[in-house]
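>>> with the sequence up front, the predicted model follows.
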Amino acid sequence: MMEKLTILADAAKYDAACTSSGADRHHQAGMLGSAVSRGCCHTFSADGRCVTLLKVLFSNVCAYDCAYCVNRRSNDVPRCSFTPRELCELTMGFYRRNYIEGLFLSSAVIQNPDYTMELMIKALGMLRREYRFNGYIHAKAIPGCDQRLVWEMGLLADRMSVNIELPSEESLIKLCPDKGKAPILGNMAQIRDGITQSKSELALYKHAPKFAPAGQSTQMIVGATGENDLHILRLTQGLYRRYGLRRVFFSAYMPVGSSPLLPALQSGYQPPLLREHRLYQADWLLRFYQFTAEEILDDAHPNFDPNLDPKCCWALNHPEFFPVEVNKADYEALLRVPGVGVTSARKIIAARRHAKLSFEHLKKLGVVLKRAQYFLLCDGRQMDGLRFKWEVLPSRLTALPDAAAGQQLSLFDAKGA
Amino acid sequence: MGYCYRYDGTFPGFLCAVRDIYQYHEPPALFLLADDPTPSLYEDRWVATRPVLADRVYDRLHIRMGRRALLMVEEGFLTCVPDREVLLCRFIDFALQTGKGAEKRLDNYAVLELGKAIRHLQRECELLTGFVRFSDYGGLLVGEISPKNRVLPILKVHFCDRMAEETFLLFDRTHGEALLHRPGETQIIPAQDFQPPPPGQEERAYRALWRRFYDTIAIEGRINPKLRQTHMPKRYWAHLTEFQKDDAPSLPSSS
């Protein structure tokens, strides 16, 4: 058991998604567990990532040979599979002790996608029906499987995902000859339609079966192939708009393959962690700050500035938008100010109903002025003692501690290259 | 000049003190526990806890300041902010003057400070819903925490829902309290110096599995201890299974 857990958790660790959010479910008679919509982190691993689900592969016996993947057929690693019962015992044992929030089940492709899906569905079905597990389940659909299997799995899982793996079709053809863009997007559309169908049924019948109530997500590997940031961001935006995804995850490529098509270990490759960070920052701007991909990057600047976050960059390129008046600006305008986030903007709006706000008030509210001071006016006035010209702003903002941390990271990258 | 109120440390006791403050127009400067031997410079006022009176004060506050502000008083009472009772009294005073909606007046000192204290409490609760570790002693689950705030009344809601049909005990070492849950029955009882029994074979095996999983899941290329510590402050580590050492054998029934 120890061996299997080690092998299959090790094989699953490159999957970025480990969230347990989006589903709200209370205790049900005879079952163990619940799900909270805001999610819950149970621990943080040494790399600082949240661990909320028991993230394992059902099996790492893979029929495919994707160049970027540890579990590819041609890689010489120990292979094994869980039996459904072992997986259920392990999940229940961990869940009762409050180690985990639920199960994240992915798998290598055993023989073919349909067969793998059937095995996974068998395990998940046993967990739900026989072990009466009511906690969170995140299941990966295997691209290219049958629609009925997707539907069956969605009824058991809270969240489903299909990995888009690489940001463009050319890379996909180059690195994973067994997978294609069409089956991946096909499954994604099936999940989307399942969710829509289940929602409309639920509106009519309270007890209609729930299909993936926490929505679907996907992930892609950044840095293994040559796409630029604008391409990735446009793709992300398209996925959110067209497939109604909850999240798109990015993972900086870790050197696990030796294919000549990949950035190799010997050339001193360092995982592009800063780039991944900037992509997540931009992802947040897309989802919560009402930005579009074209606003964040354009064809003249197709990549992120390593020294400044995307929001600051946007602000510096749009001097006509600033300064923003704290006491009058609407929510959308406040959100565009670097250093003001959703929480701060809401607080400002709530507080200014009762009193006219000054910079002192903002500080007391907990609005961080480090960056925001350059872009705000309170009652027509700048912050006391603040003197600057717009032209020097980039250097001032880059000199801030956060930005400096970013710089250190990029230095680290440069050192490796 | 204020007075030193001495009460029994319970929420009804505090409500009775609030009633006395307004009844006799004697503003509080300090609150102490009735059995606290600390002398104070202020004149002492002894508060007798009367549940019926406390209920009346509670209902009255509910009408005067609204549900949300009253909820802030209740949650504020669980926080660890210094002089929380005096802060609560200032908040109550402000809310009684303002009427409903006082909790939104972030320009007021008491509202802001109480809000911060409550967020600290909620943050700690949120972390602890994940960081509590139970051990299985033949069907009885036992967990231990040492939080700064009194989190048990809030954690109760989460854990009693999640594990409604389990029997568990969650011990708060800082405040000497324990949450005891049996199917259909939940209570928070005072408990001093609780020691869990030594773990059994199966329990140790699961702990070892969990430690192994924890060690395996980190990606070597991205090790980042500072980030981990930001998300998971070190004061929680003492009670986390993944950081404890134990040379347990593997599952007896392992394959």
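Perfect, I can see it now. Numbering: from 1, shown residues only, chains lettered A, B, ... in the order given.
>>> for A:A293, what are its contacts?
A:L230, A:L233, A:R234, A:T236, A:Q237, A:A282, A:L286 (CB atoms under 8 Å, 6 or more residues apart in numbering or on different chains). Using the backbone N, CA and C atoms, a C-beta is placed for each residue, glycine as well.
>>> let's see 6 Å
Going by CB atoms under 6 Å, 6 or more residues apart in numbering or on different chains, A:A293 touches A:L233, A:R234, A:Q237.
>>> narrow those residues to those in strands?
Using DSSP state E, no member of the contacts of A:A293 falls within strands.
>>> from those, which is closest to chain B?
A:L233 (22.3 Å; CB to the nearest CB).
>>> tell me how far the closest one lies from A:L53.
Distance of A:L233 to A:L53, given as CB to CB, to the nearest Å: 27 Å.
>>> residues near A:V367, how many?
25 (other CB atoms under 10 Å in any protein chain shown).
>>> show me where the stretch 301-417 of chain A has strands.
Along the stretch 301-417 of chain A, counting by DSSP state E, counting those that start in this stretch, strands occupy A:324-325, A:376-377.
>>> equivalent analysis for the stretch 151-300 of chain A, please.
Listed in chain order, the strands of the stretch 151-300 of chain A (DSSP E, counting those that start in this stretch) span A:159-161, A:216-222, A:247-252.
>>> neighbouring contacts of the first one?
Under the contact criterion CB under 6 Å, 6+ apart, strand A:159-161 has outside partners A:H138, A:A139, A:K140, A:A141, A:G154, A:I191, A:A212, A:A214, A:Q216, A:S217, A:T218.
>>> for the residue nearest to the second one when sequence neighbours are not counted, give me its contacts.
Using CB to CB, 6 or more residues apart in numbering or on different chains and skipping residues adjacent in sequence, the residue nearest A:A139 is A:A157, 3.9 Å away. The contact partners of A:A157, by CB under 6 Å, 6+ apart, come to A:I137, A:A139, A:A212.
>>> now with 8 Å, please.
A:A157 is in contact with A:L124, A:I137, A:H138, A:A139, A:A212, counting by CB under 8 Å, 6+ apart.
>>> ditto for A:V162
A:K140, A:A141, A:P143, A:I184, A:N187, A:M188, A:I191, A:Q216, A:T218.
>>> max-length helix in chain B?
Across chain B, the longest stretch assigned as helix under DSSP state H is helix B:51-76.
>>> elements contacting it?
Using 3 or more CB pairs under 8 Å, 6 or more residues apart in numbering or on different chains; DSSP states H and E, the elements in contact with helix B:51-76 are helix B:11-24, helix B:84-98, helix B:109-131.
>>> how about the ones you listed, which one is nearest A:L57?
Minimum separation from A:L57 across the helices and strands packed on helix B:51-76 (CB to CB) falls at helix B:109-131, 23.5 Å.
>>> ok, A:K179 touching A:A63?
No. Using CB atoms under 8 Å, A:K179 makes no contact with A:A63, being 11.4 Å away.
>>> A:L166 is in contact with A:T225, correct?
Yes. A:T225 is in contact with A:L166 according to CB under 8 Å; the separation is 5.8 Å.
>>> joint contacts of the two?
A:L175.
>>> contact partners for the closest residue to chain A within the stretch 101-250 of chain B?
Minimum separation of the stretch 101-250 of chain B from chain A (CB to the nearest CB) falls at B:L227, amounting to 2.9 Å. B:L227 is in contact with A:F44, A:D47, A:G48, counting by CB under 8 Å, 6+ apart.
>>> what does B:D83 give?
B:D83 touches B:L30, B:F31, counting by CB under 8 Å, 6+ apart.
>>> mind checking pLDDT for it?
Model confidence at B:D83, given as pLDDT, is 90.
>>> measure it to chain A for me?
For B:D83, the distance to chain A equals 19 Å [CB to the nearest CB, to the nearest Å].
>>> so what's the backbone phi/psi at that residue?
With angles defined as degrees, to the nearest 10, B:D83 sits at phi 50, psi 50.
>>> can you check B:N149 too?
Main-chain torsions, B:N149, degrees, to the nearest 10: phi -90, psi 170.
>>> let me see the domain layout of chain A.
Per automatic domain parsing, the structural domains of chain A span A:2-228, A:310-416.
>>> quick check: B:G221 touching A:V256?
No. Look at B:G221 against A:V256 with CB under 8 Å: they stay out of range, at 9.5 Å.
>>> what touches both of these two?
Counting by CB under 8 Å, 6+ apart, B:G221 and A:V256 have no common neighbour.
>>> more crowded one of these two?
Ranked by neighbour count (other CB under 10 Å), B:G221 and A:V256 place A:V256 first, with 18 against 15.
>>> show me what contacts that one?
Contacts for A:V256 (CB under 8 Å, 6+ apart) come out as A:Y14, A:Y68, A:C69, A:V70.
>>> so what does the third one look like in phi/psi?
Here is the backbone geometry of A:C69 (degrees, to the nearest 10): phi -100, psi 140.
>>> tell me where the model's unsure across the stretch 151-255 of chain B.
B:246-255 (pLDDT under 70).
>>> what residues does it put near chain A?
For the stretch 151-255 of chain B, the residues in contact with chain A (CB under 8 Å from any CB of the partner chain) are B:158, B:161-166, B:206, B:208-210, B:212-219, B:221-228, B:230-232, B:240-242, B:250-251, B:254-255.
>>> which members of the residues you listed are positioned in strands?
Secondary structure from DSSP E places none of these in strands.
>>> how close does the residue of chain A at minimum distance from chain B sit to A:F250?
The minimum distance from chain A to chain B, using CB to the nearest CB, falls at A:G48 (2.9 Å). For A:G48, the distance to A:F250 equals 16 Å [CB to CB].
>>> so between the two, which is more surrounded?
Remark: of A:G48 and A:F250, A:F250 carries more neighbours, 22 against 18, as counted by other CB under 10 Å.
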